[in-house]
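Peer 1: Got a sequence here, can you model it:
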Amino acid sequence: MSIQHSELLLKAVARERGGEDATRGTAAYCRCHAKTGTRVTVSALSGYCSSRSGDTVVFSLLTNETDPIAAKRLEDRMTAAIARLG
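Peer 2: As a prediction, the model looks like this:
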């Protein structure tokens, strides 16, 4: 899969979930593209961000034995912090 194809797929998933709205007002807005995964006590977020310096930062955040709602809040804060790099 090409980088362009991957980017389009991640953007489509973000729009479907309302992900772009979830990052509105943060450094991650329009700079980070990611896919979530959630089970009863497991949460994951993997994707990439364009840093302030223009570098691409790839990340994967995984939590286990956690409250998924609290994990999503933390993932949102961590993604915004990644977008502020550089």
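
Peer 1: Which helix or which strand is home to the spatially most central residue of the chain?
Peer 2: With distances taken as CA atoms, centre = their mean, A34 lies nearest the centre of the chain, 3.8 Å away. Assigned by DSSP states H and E, A34 belongs to strand 32-38.

Peer 1: Return the list of helices and strands in contact with that strand.
Peer 2: Packing partners of strand 32-38 (3 or more CB pairs under 8 Å, 6 or more residues apart in numbering; DSSP states H and E): helix 3-17, helix 19-23, strand 42-50, helix 68-83. Using the backbone N, CA and C atoms, a C-beta is placed for each residue, glycine as well.

Peer 1: quick one: that strand to strand 42-50, angle?
Peer 2: Going by axes from the mean of the first three to the mean of the last three CA atoms, to 10 degrees, strand 32-38 is angled at 170 degrees with respect to strand 42-50.

Peer 1: could I get strand 32-38 in PDB with only the CA atoms?
Peer 2: Output of strand 32-38 as PDB, limited to C-alpha atoms (Å, rounded to 0.1, in the frame of the first residue of the first chain):
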ATOM      1  CA  CYS A  32      -2.400  13.800  12.800                       C
ATOM      2  CA  HIS A  33      -4.200  10.800  11.200                       C
ATOM      3  CA  ALA A  34      -4.800   7.700  13.200                       C
ATOM      4  CA  LYS A  35      -6.900   4.600  13.600                       C
ATOM      5  CA  THR A  36      -8.400   3.400  16.900                       C
ATOM      6  CA  GLY A  37      -9.000   0.000  18.400                       C
ATOM      7  CA  THR A  38     -11.000  -0.600  21.500                       C
END
